[in-house]
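Peer 1: A predicted structure for the sequence below; I have some questions about it.
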Amino acid sequence: MLLKSLTATTRFLAISDPGRVRLRSATSTTLSVIVAMTALLTYTQLTDRPVTVAMLGTIVAMQSSAAVKDKQQRSRVVTTVLLFFPSIGAVTLAALLTPIGKVADVGFIVVLFAAVWVRRYGPRGNALGMVAFISYFFALFLKATPHQLPTLALSVAVGLSATLLVRTLILPIRPRVEVRRLVHALRAVSISVLEVASDRSERDSDLLRKRLDALGETALMIDDWLDRNDASQLLSITNDDLSFRVFDAQIATEQLVSALWAMDPNKPWPTGLGQAVTALGSCLQNNPSEDQLRAARKLAVAAASKADPSKPAGVATMVARRAVAAHIAIHHVTTEALRTTKAAEAPKDSAEPAKQEGLDPSTKAAIQVAVATSAATILGELISPDRWYWAVLTAFLVFTGASTRGEILTRAGHRIVGTICGVIAGVLLAALVGHNPPLQIALLLICVFCAFYLVTVAYAWLTFFVTVLLAMLYGLLGVFSVQVLELRIAETAAGGLVGIASAYFIFSTGTRSTLITKVDDYLDRMLEVIDEGIASVTAPGGTTELVSSTRRLDNALKEVTTAGKPLEMGPTTRSRRGAKRLLRALQVSNRPAHALARAGVNAARAESDTGPSDATSAALRDAADQVRSTVEIVRRAVSGEAAPAPEKVSETMILDVMQTATSTSGPARAAVRALSTLNRTLGEAADRV
């Protein structure tokens, strides 16, 4: 029983944090803080410097560890070193301007404008801007003076050195370990989604959809790993081959889940299907022996050979056999000799990005931030001349990672709610802990870890733990009071409201219009998959870019989901339900698109003389044309235009293929089924807008 619970817990952690990416990030940030804090507190005690010196370096260590997001290790190291210059520049500017009074406020706004403007230079620009901002902010918070600059510069250098030490020596990124954990996560989520689909007593479609989404997200994370690493130097496989194997395992698992879900839950499974699913379960263990894999393959092949493809159970059995083969192929990535496949390399986009009319988005955002923080400065000083910067901080941070009105509104709401809950928790903890520096530091470090572990789950968690962290920090400084935390709530609310107002009235970007743009892009990627899939099926044996095209489709769907999330929390029940229905329908439509892509990839790997007949090819093209028409209907419906009801893919087209089964390849039959399902799900998307 204990072993079963431990296995379930391990699987849950693997699914909720694929590859332990969040755990590693939070641990790295916390270790950076610990190293910097230990070194700087020791320094301040030996030299009799104020503890505030240690706090600046500790905050820089925390921010530099969290903000540097370059893909390559060398680039991350270079960016971390470069952070020293904007950090020192911001601290120097704050120290020099603070004695002049209001000029320091103007300097803060200039720094905030620059911090947003440099985001146009990608992850490195974003990191430089964020560290400059946080350095100026804490220089104001700590009331830095010019004569402290050499010590503060040393503090910043120690903080950045702590980050580099953790990043390169204590907890370096190990690509082999990372990909192994990601593959383990892929197996764990595959088991999880199969359990839901196999549950014949509780038919939870929402849970099934969430597990399928998790499966897709995990596969995308492996593709992201491939973007950052060369598998041929780390594993006995090429990037293309590993990408294809993951793609094949994902699609086969999705198709099996769909087949199991479509079966009558009141009828028992045939023996062959049960054996095939059991064989797949053996392949989804992390460390099976070669004998176990060989036995699983033999069991699945035997079951599939006896299956009746005209019945749902027979189809499910055959799909289970394909899933077994796909997951066994992933098990062999570290043991097979290096080889290449017909899967094409990811296309290199050498075209220059299209030039946008008007101001650059980062410039628009910088102007929004400048206006918002200027207003927040005035409003914040009316609330508290000593704590006005909390309002400015909030007005700035609600724009970080958000671009539309809905996203900014949601982010501001999360920040206000997180602050209020954090103040309550901070007051209670402060009362329980009292003045106990070791315990306060321990709680501070726990807050750092939890904040960065949960930040991608919900922004409110980051704000909550940072607010509790501040309560511990105020306690260490000996200036803790309930009134100070109450002011934080008021300043945060003021900054959030100012940020929302700026988002609505300065270069306003509508959430709905952004969603329409993202849906358009997703449908464009869908058309690419349809075109490439049909071309590959009707002319087998050639090269194809369907794997990379499908990943672009998945990434486009991810952007649609992100853009639509604020609408799911809209002001009216109708808008919330409409957004949820649309997003759900598009997510469902992604599954048959995957199936079509898989049919195309299989056709590309087949012999050139195994293609369908001319009549079947014509039927496939006609079916594809109708699906393309449905795609355009969805596009028009989402944009608010009147659109006709989509036509169903003619059943005669399916019969044309099935009746010539003896001379028609499996990819052609799979393509017709995928087109039929795709047309139906896209039609539901058009109906639900």
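Peer 2: Arrived safely.
Peer 1: what residues are up against Val81?
Peer 2: With contacts taken as CB atoms under 8 Å, 6 or more residues apart in numbering, Val81 has the following neighbours: 160, 164. Quick note: C-beta positions are derived from backbone N, CA and C, even for glycine.
Peer 1: Looking at it now. What's its pLDDT?
Peer 2: Model confidence at Val81, given as pLDDT, is 95.
Peer 1: ok, now Gly272?
Peer 2: For Gly272, pLDDT reads 92.
Peer 1: can you check the one 4 residues further on too?
Peer 2: Confidence per residue is given as pLDDT, and for Ala276 that number is 93.
Peer 1: now it, nearest residue through space, not along the chain?
Peer 2: Once flanking residues are discounted, Ala276 sits nearest to Ala320: 3.6 Å by CB to CB, 6 or more residues apart in numbering.
Peer 1: Identify the residues contacting that neighbour.
Peer 2: Contacts of Ala320 (CB under 8 Å, 6+ apart): 256, 273, 276-277, 279-280, 300, 303-304.
Peer 1: so which strand or helix has it?
Peer 2: Following DSSP states H and E, one finds Ala320 within helix 312-331.
Peer 1: which residues of the stretch 351-500 of the chain fall in strands?
Peer 2: Secondary structure of the stretch 351-500 of the chain (DSSP state E, counting those that start in this stretch): no strands present.
Peer 1: Show me where it has its helices.
Peer 2: 361-383, 389-397, 405-433, 437-454, 459-477, 482-505 (DSSP state H, counting those that start in this stretch).
Peer 1: re earlier: pull the CA coordinates from the helix holding Ala320 and hand them back as PDB.
Peer 2: Output in PDB follows, covering the C-alpha atoms of helix 312-331 (Å, rounded to 0.1, in the frame of the first residue of the first chain):
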ATOM      1  CA  PRO A 312     -14.100  -0.400 -32.200                       C
ATOM      2  CA  ALA A 313     -12.300  -2.900 -30.000                       C
ATOM      3  CA  GLY A 314     -10.200  -4.100 -32.900                       C
ATOM      4  CA  VAL A 315      -9.200  -0.600 -33.900                       C
ATOM      5  CA  ALA A 316      -8.300   0.200 -30.200                       C
ATOM      6  CA  THR A 317      -6.200  -3.000 -30.100                       C
ATOM      7  CA  MET A 318      -4.300  -2.100 -33.300                       C
ATOM      8  CA  VAL A 319      -3.700   1.400 -32.000                       C
ATOM      9  CA  ALA A 320      -2.400   0.000 -28.700                       C
ATOM     10  CA  ARG A 321       0.100  -2.100 -30.600                       C
ATOM     11  CA  ARG A 322       1.400   1.100 -32.400                       C
ATOM     12  CA  ALA A 323       1.600   2.800 -29.000                       C
ATOM     13  CA  VAL A 324       3.600  -0.100 -27.600                       C
ATOM     14  CA  ALA A 325       6.100   0.200 -30.600                       C
ATOM     15  CA  ALA A 326       6.300   3.900 -30.200                       C
ATOM     16  CA  HIS A 327       7.100   3.900 -26.500                       C
ATOM     17  CA  ILE A 328       9.600   1.000 -26.900                       C
ATOM     18  CA  ALA A 329      11.400   3.100 -29.500                       C
ATOM     19  CA  ILE A 330      11.800   5.900 -26.900                       C
ATOM     20  CA  HIS A 331      13.300   3.300 -24.400                       C
END
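Peer 1: Could you list the buried residues of it?
Peer 2: 313-331 (16 or more other CB atoms under 10 Å).
Peer 1: Repeat that for stretch 495-503.
Peer 2: Applying 16+ other CB under 10 Å to stretch 495-503 flags 495-500, 502-503 as buried.
Peer 1: Turn those residues into a markdown table, columns for distance to Arg74 and pLDDT.
Peer 2: Output for these, formatted as a markdown table (distance: CB to CB, whole Å; pLDDT from 0 to 100):
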| residue | distance to Arg74 | pLDDT |
| --- | --- | --- |
| Gly495 | 38 | 86 |
| Gly496 | 39 | 84 |
| Leu497 | 43 | 86 |
| Val498 | 40 | 85 |
| Gly499 | 36 | 79 |
| Ile500 | 40 | 80 |
| Ser502 | 38 | 78 |
| Ala503 | 37 | 73 |
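Peer 1: tell me the angle the helix or strand containing Ala579 makes with helix 405-433.
Peer 2: Using DSSP H and E, Ala579 sits within helix 573-604. Angle, helix 573-604 to helix 405-433, by axes from the mean of the first three to the mean of the last three CA atoms, to 10 degrees: 100 degrees.
Peer 1: Check which helices and strands the helix or strand just after helix 573-604 sits against.
Peer 2: Proceeding N to C from helix 573-604, the next assigned helix or strand is helix 614-638, under DSSP H and E. Contacts defined by 3 or more CB pairs under 8 Å, 6 or more residues apart in numbering; DSSP states H and E place helix 614-638 against helix 511-538, helix 651-658, helix 666-687.
Peer 1: what about 10 Å?
Peer 2: helix 511-538, helix 573-604, helix 651-658, helix 666-687 (3 or more CB pairs under 10 Å, 6 or more residues apart in numbering; DSSP states H and E).
Peer 1: May I see those helices organised as a markdown table, with distance to Pro268, mean pLDDT and mean neighbour count added?
Peer 2: A markdown table is the format used below for those (distance: least, CB to CB, whole Å; pLDDT from 0 to 100; neighbours: other CB atoms under 10 Å):
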| stretch | distance to Pro268 | mean pLDDT | mean neighbour count |
| --- | --- | --- | --- |
| helix 511-538 | 35 | 90 | 21 |
| helix 573-604 | 26 | 82 | 22 |
| helix 651-658 | 27 | 46 | 16 |
| helix 666-687 | 25 | 82 | 23 |
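Peer 1: Same list, the ones you listed, but as a markdown table with distance to Ile251 please.
Peer 2: As requested, the helices and strands packed on helix 614-638 are exported to a markdown table (distance: least, CB to CB, whole Å):
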| stretch | distance to Ile251 |
| --- | --- |
| helix 511-538 | 12 |
| helix 573-604 | 4 |
| helix 651-658 | 20 |
| helix 666-687 | 10 |
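Peer 1: mind listing the helices for the stretch 1-150 of the chain?
Peer 2: Using DSSP H, counting those that start in this stretch, helices in the stretch 1-150 of the chain cover 2-16, 21-47, 51-67, 73-82, 84-97, 102-117, 122-141, 149-165.
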